[in-house]
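Visitor: need coordinates for the following:
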Amino acid sequence: TDLPYSIVCCPKRHVLVNKIVTGGIIGVGLKFCHGCGKQLEVRSVRHSCKSCDYHLCNGCWNQRLLALQEPKAPRSSAEAPPAASPTPSHPTRRGPPPPPRGGRRRPTGPI
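Guide: Prediction:
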């Protein structure tokens with residue numbers, strides 16, 4: 001089943017859970033935002049997927065949420081993929097015409 005469009009997920013489509021960043025042990029267990037790469041500050045809100053060890057800071061999470069909620073703009077003709085050309089009902093010939101088949105040739109001049 002598809003998730004609602006306004007839910008921000010990790011790359012494996014797990015829902016991110018809001019948590020508060022804790023201090024942890026000095027230099028151990030520091031968490032970084034997978035969106036901007038910044039270290040998540042203690043007592044700040046983070047959005048995490050425990051199974052993937054994936055984290056977003058509040059700013060990156062808000063940006064993704066807004067992007068999901070924006071209506072998709074129609075593609076311009078410049079961005080649209082080229083339309084497929086219709087398939088001809090008969091094969092097209094390329095190159096010079098084929099030589100005449102055997103038999104008598106018709107005269108081309110006055111008789």
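Visitor: I figured residue 32 hits residue 41, correct?
Guide: No. Residue 32 is not in contact with residue 41 according to CB atoms under 8 Å; the separation is 11.0 Å. Backbone N, C-alpha and C define where each C-beta goes, glycine included.
Visitor: now the strands for this structure?
Guide: Here the chain has its strands, by DSSP state E, at 17-20, 45-49, 54-57.
Visitor: tell me the strands beside the longest one, with direction?
Guide: It stands for strand 45-49. Each strand paired with strand 45-49, and its direction, by DSSP bridges: strand 17-20 (antiparallel), strand 54-57 (antiparallel).
Visitor: out of those, indicate the one that is most buried.
Guide: Ranked by mean neighbour count, the strands paired with strand 45-49 are led by strand 54-57 with a mean of 22 (mean count of other CB atoms under 10 Å).
Visitor: hey, C-alpha coordinates of that one in PDB?
Guide: Taking Å, rounded to 0.1, in the frame of the first residue of the first chain, the C-alpha atoms of strand 54-57 are listed here in PDB:
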ATOM      1  CA  TYR A  54      18.700   7.300   8.800                       C
ATOM      2  CA  HIS A  55      18.200  10.700  10.300                       C
ATOM      3  CA  LEU A  56      17.000  14.100   9.100                       C
ATOM      4  CA  CYS A  57      17.300  17.400  10.900                       C
END
